[in-house]
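1. For reference, the sequence and a predicted model appear below.
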Amino acid sequence: MEVLPLKFLNQAKTETTNETESLQQLYNNVKSHIQEQTNKMSEEFRAVTYREQIMAGTDYFITVHAGGSSYLHMIVSGKLLCPGGKCELTGVEEGHTKDDPLEPF
């Protein structure tokens, strides 16, 4: 697992980072929930960037490529970014571009 240094400014959020294997595994754990909420079934769904916010647990803000020029943002709350760690999809927003900043919603 890649460990990112925390920036203790801006409410303990990390900088936006490109996709990693660990991020893709986290995304795969909640992919079916995203497809249910958006009514979209796409093999092209792929996590491309993310940032973390440390609070009582960790919130992962993730940009997902949904095919073509379509992107969505999602929030996954979890205790650990590793197998066996409990994670939950807490939000999905459609209508984003690849370059939209990842912010809480």
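-> All right, it came through fine.

2. ok, Thr38 - contacts?
-> Counting by Cβ atoms under 8 Å, 6 or more residues apart in numbering, Thr38 touches 66, 72, 92, 94. Placement of C-beta: from N, CA and C, glycine included.

3. swap the cut-off to 10 Å and go again
-> The neighbourhood of Thr38, defined by Cβ atoms under 10 Å, 6 or more residues apart in numbering, consists of 45, 64, 66, 70, 72, 74, 92-94.

4. Please pick the buried ones from those residues.
-> Taking 16 or more other Cβ atoms under 10 Å as the criterion, what is buried in these is 45, 64, 66, 70, 72, 74, 92.

5. which SSE is the residue nearest in space to the middle of the chain in?
-> Central residue of the chain (Cα atoms, centre = their mean): Ile62, 2.3 Å from the mean position. Using DSSP states H and E, Ile62 maps to strand 58-65.

6. What is that strand packed up against?
-> Other helices and strands packing on strand 58-65, by 3 or more Cβ pairs under 10 Å, 6 or more residues apart in numbering; DSSP states H and E, are helix 21-38, strand 46-54, strand 71-78, strand 87-96.

7. In its sheet, which strands sit next to it, and in what direction?
-> strand 46-54 (antiparallel), strand 71-78 (antiparallel) (DSSP bridges).

8. what's the most buried one of the helices and strands packed on strand 58-65?
-> Mean neighbour count (mean count of other Cβ atoms under 10 Å) peaks for strand 71-78 among those, with a mean of 21.

9. and that one, how far out from the chain's middle?
-> Centroid displacement of strand 71-78 relative to its chain, using Cα atoms, centre = their mean, to the nearest Å, is 4 Å.

10. before we move on, what about stretch 52-59?
-> With Cα atoms, centre = their mean, you get 12 Å for stretch 52-59.

11. What of stretch 62-77?
-> On Cα atoms, centre = their mean, the centre of stretch 62-77 falls 8 Å from the chain's centre.

12. Using CSV, write out the CA atom coordinates for stretch 57-68.
-> Listed in CSV are the C-alpha atoms of stretch 57-68, where the atom choice follows Å, rounded to 0.1, in the frame of the first residue of the first chain:
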residue,chain,number,x,y,z
GLY,A,57,-12.1,7.6,9.8
THR,A,58,-10.8,8.3,6.4
ASP,A,59,-12.9,9.7,3.6
TYR,A,60,-11.6,8.9,0.1
PHE,A,61,-12.8,11.4,-2.6
ILE,A,62,-12.4,9.6,-6.0
THR,A,63,-12.7,10.7,-9.6
VAL,A,64,-14.1,7.8,-11.7
HIS,A,65,-13.9,7.7,-15.5
ALA,A,66,-17.3,6.4,-16.6
GLY,A,67,-16.6,6.1,-20.3
GLY,A,68,-16.2,8.7,-23.1
